[in-house]
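>>> Provide a 3D model corresponding to the input given below.
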Amino acid sequence: MMTTLQEKIVIFVDVLGFSNLTLENSLDIERIVDYEGPLDQIFSGIIIEERKPNKLEEVFSKFHFILQSGFNLAKLNSKFTSITFSDSAYISTKYLNDAVKIVTNLMCGFLRNKVPVRAGIALGSFETLRFKTDIKLDSGEHASHFLGTGVVKAFHTESCGIKGMRVLIHPSIEPLFEELSNTEFIIQNCESHEINNSVGVSKEINYWEYNITDEKEAWRNFQEMWKDSPQKYLIHYEATANSIQKMRIARGYPPIKNLKKVTISRNK
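Model (predicted):
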């Protein structure tokens, strides 16, 4: 008798431009380990060796730190499964409310800490089969076996071609969002030129849930990332800025007159 797989809400998050970061920066494993430790360990390492972590080490460490912090917070109110590898992570939960809260909190943390991430969210199966780690003195074997339609849909959603630091919605899950139309979650349409993609993604989650202080920090850090971005990645920052503009307006905040201005303001 075949077991019927239960559909779940599946999120896939991925760091933008990580492949190039890896190719363009040296990799100091000890530095990454130090960066993931206590603050005094980070600072002492910088002082002793007189070298700050490079962009690769910083983004990688912050990505995993924010993920773990977000998961620790989510555990207080939600049941979920998370699988993290390299610069990506899958998160699966039964409830849409929980999924939106988790991904919203993560996206706010990523942007505020200069980690460029895009996410896709979909409805489908997500099954974990086997996890194994066998480490010897001179070798190691690691296995992470998981699969499902939600895994594929969430991945395709994130990589559908729409640019920027966004939370993109797969068509499979749109009906569930319509049922939650009276909740605090805000869904907005992608730009008209973005919806002609092979997956059929046309909507995104409004994740702009900052208090005034954190919002200013997030926008300032976003502007610094934009300013330092190589030419080939500018399209991601332009798309993100336009999306943030729509997110803020939807929440009743005044429009940003100049999307390249470092400071923004709001009254509430």
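>>> So which elements touch the longest helix along the chain?
Using DSSP state H to define each element, the chain has its longest helix at helix 55-74. With contacts defined as 3 or more C-beta pairs under 8 Å, 6 or more residues apart in numbering; DSSP states H and E, the packing partners of helix 55-74 are strand 7-15, helix 18-24, helix 29-35, strand 80-85, helix 96-112. Backbone N, C-alpha and C define where each C-beta goes, glycine included.
>>> mind running it again at 7 Å?
Counting contacts by 3 or more C-beta pairs under 7 Å, 6 or more residues apart in numbering; DSSP states H and E, helix 55-74 is packed against helix 18-24, helix 29-35, strand 80-85, helix 96-112.
>>> just how off-centre is that helix within its chain?
Centroid separation for helix 55-74 versus its chain: 10 Å, with C-alpha atoms, centre = their mean, to the nearest Å.
>>> list the buried ones in it?
For helix 55-74, burial by neighbour count (16 or more other C-beta atoms under 10 Å) applies to 56-64, 66-67, 70-71, 74.
>>> cool, and stretch 91-99?
91-93, 96-99.
>>> Compute the first-to-last residue distance for that stretch.
8 Å (C-alpha to C-alpha, to the nearest Å).
>>> residues in contact with that stretch?
Applying C-beta atoms under 7 Å, 6 or more residues apart in numbering, the contact partners of stretch 91-99 are 8-11, 78-82, 102, 121, 126, 150, 176, 180.
>>> do stretch 192-210 as well
The contact list for stretch 192-210 (C-beta under 7 Å, 6+ apart) reads 100, 103-104, 107-108, 156-157, 160-162, 166-171, 174, 186-190, 218, 243-244, 247-248, 250-251.
>>> again, only this time at 6 Å
104, 107, 156-157, 160-162, 166-169, 171, 186-190, 218, 247-248, 250 (C-beta atoms under 6 Å, 6 or more residues apart in numbering).
>>> Drop anything exposed from those.
By neighbour count, with 16+ other C-beta under 10 Å, the contacts of stretch 192-210 hold 104, 107, 156-157, 160, 162, 166-169, 186-187, 190, 218, 247-248 as buried.
>>> Report the spatially nearest residue to Ile173, omitting neighbours in sequence.
Of all residues not flanking Ile173 in the chain, Leu123 sits nearest, at 4.2 Å (C-beta to C-beta, 6 or more residues apart in numbering).
>>> All good on my end, thank you.
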